[in-house]
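Participant: structural data only, the sequence is not supplied:
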């Protein structure tokens, strides 16, 4: 089988060589990589050209800046492979990622996902913060109503997943969404698939603290957009077989913003923007879906209590985080 790897590139000159080397070193060589330079203002565009010059499997497209969604959409029009995957150029892969993915498709899956490492960049170097693992779900085909909870409870990004081309060739990313667009795309893919396979190979390394990354950048309008976009994601998931998964994704979205507020020592006592937006999102789901979520033992007690506190007042959870930090817990 043949992989098509789509990579949106924008001002990542510092990280490109590491990313490029990680793909080149794959122990499975039937792939093409489409680098879409989205109007970079640093040396990323030239680096793409230089890195691709010696390898016919790699092509480069230069375009005006339009965002990651527009870059991925352009890449989708150029793919030739049986399988499609989307990688981010500030991250990197382990050498057996493609061959591990292949095992799932040989078993008949429509989409394959892998475990991945969340990596932080410190003054001392790179440090794995945590491993995001699909515990208890790996090494087997998963079908029907189990697809949504298995895949979305742990990971709603597209960067650690690969899918059959014929299922996504006519789908496009929403170019009006700057953040959360990958989750929005993924759940539309899930509407089309019959089976998934998850490998326990931690083949993807996700860098969380690059300047400009939505997880680590300073709070701003992007975070409010992210919260609003999760209403769209919930609306689509409301029609899925699992009526609690949309609530869980909202829980994860609100928690992400509150974590940023805590990490940046944001003054929650005087905040009149982000906390109200978090509370508004937490109260967006239908009551019957909230009940299903809060009474579902498949979710941890911590997750369920956290969401309940979000509905009452997100500041409750922030005060808890601050209290833990003060005690050194």
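Facilitator: On my side now, so go ahead. Since the model is a prediction, treat every value here as computed from it, not as a measurement.

Participant: CA only for contacts and neighbour counts going forward, please
Facilitator: OK.

Participant: so where's the stretch 201-329 of the chain uncertain?
Facilitator: Judged by pLDDT under 70, the stretch 201-329 of the chain has its weakly predicted residues at 209-217, 321-329.

Participant: if you set the cut-off to 50 instead, what comes out?
Facilitator: 211-215, 325-329 (pLDDT under 50).

Participant: next, the buried residues of stretch 106-126.
Facilitator: Neighbour-count burial for stretch 106-126, with 16 or more other C-alpha atoms under 10 Å as criterion, is recorded at 109, 110, 111, 112, 113, 114, 115, 116, 117, 118, 119, 120.

Participant: wait, the first one touches residue 141, no?
Facilitator: In this case it means residue 109. Yes: counting by C-alpha atoms under 8 Å, residue 141 is a contact partner of residue 109 at 6.7 Å.

Participant: mutual contacts of the two, please.
Facilitator: Common contact partners of residue 109 and residue 141 (C-alpha atoms under 8 Å, 6 or more residues apart in numbering): 195, 196, 197.

Participant: is it fair to say residue 20 lies in a helix?
Facilitator: Yes: under DSSP: H, G, I helix; E, B strand; the rest coil, residue 20 sits within a helix.

Participant: now it: how far from residue 57?
Facilitator: 12 Å (C-alpha to C-alpha, to the nearest Å).

Participant: what's the distance between the closest residue to residue 251 other than its chain neighbours and residue 258?
Facilitator: Closest residue in space to residue 251, ignoring its immediate chain neighbours: residue 307 at 5.7 Å, by C-alpha to C-alpha, 6 or more residues apart in numbering. Distance of residue 307 to residue 258, given as C-alpha to C-alpha: 12 Å.

Participant: could you pull up phi and psi at the residue nearest to residue 141 when sequence neighbours are not counted?
Facilitator: Leaving aside its sequence neighbours, residue 141 sits nearest to residue 197 (C-alpha to C-alpha, 6+ apart; 4.9 Å). Dihedral pair for residue 197: phi -140, psi 140, per degrees, to the nearest 10.

Participant: quick one: common contacting residues for residue 20 and residue 57?
Facilitator: In terms of C-alpha under 8 Å, 6+ apart, residue 20 and residue 57 are not both contacted by any residue.

Participant: returning to that earlier point: count of neighbours near the residue nearest to residue 141?
Facilitator: Residues near residue 197, counting by other C-alpha atoms under 10 Å, number 26.

Participant: distance of residue 72 from residue 23?
Facilitator: For residue 72, the distance to residue 23 - C-alpha to C-alpha - is 18 Å.

Participant: so where do the strands sit in the stretch 51-200 of the chain?
Facilitator: Counting by DSSP state E, counting those that start in this stretch, the stretch 51-200 of the chain has strands at residues 58-63, 83-86, 92-93, 111-122, 125-132, 141-143, 161-164, 195-207.

Participant: give me the next element, helix or strand, following the longest one.
Facilitator: So that's strand 195-207. Per DSSP states H and E, the first helix or strand lying C-terminal to strand 195-207 is helix 221-237.

Participant: C-terminal to that following helix, what's the next element?
Facilitator: Sequence order places helix 245-263 as the next helix or strand after helix 221-237, per DSSP H and E.

Participant: for residue 99, give me its contacts.
Facilitator: By C-alpha under 8 Å, 6+ apart, residue 99 lies in contact with 27, 28.

Participant: hang on, the earlier thing: ok, of the strands of the stretch 51-200 of the chain, where does mean pLDDT dip lowest?
Facilitator: Mean pLDDT values for these show the minimum at strand 125-132, a mean of 71.

Participant: before we move on, back to that, which one of the strands of the stretch 51-200 of the chain lies closest to residue 312?
Facilitator: strand 125-132 (28.8 Å; C-alpha to C-alpha).
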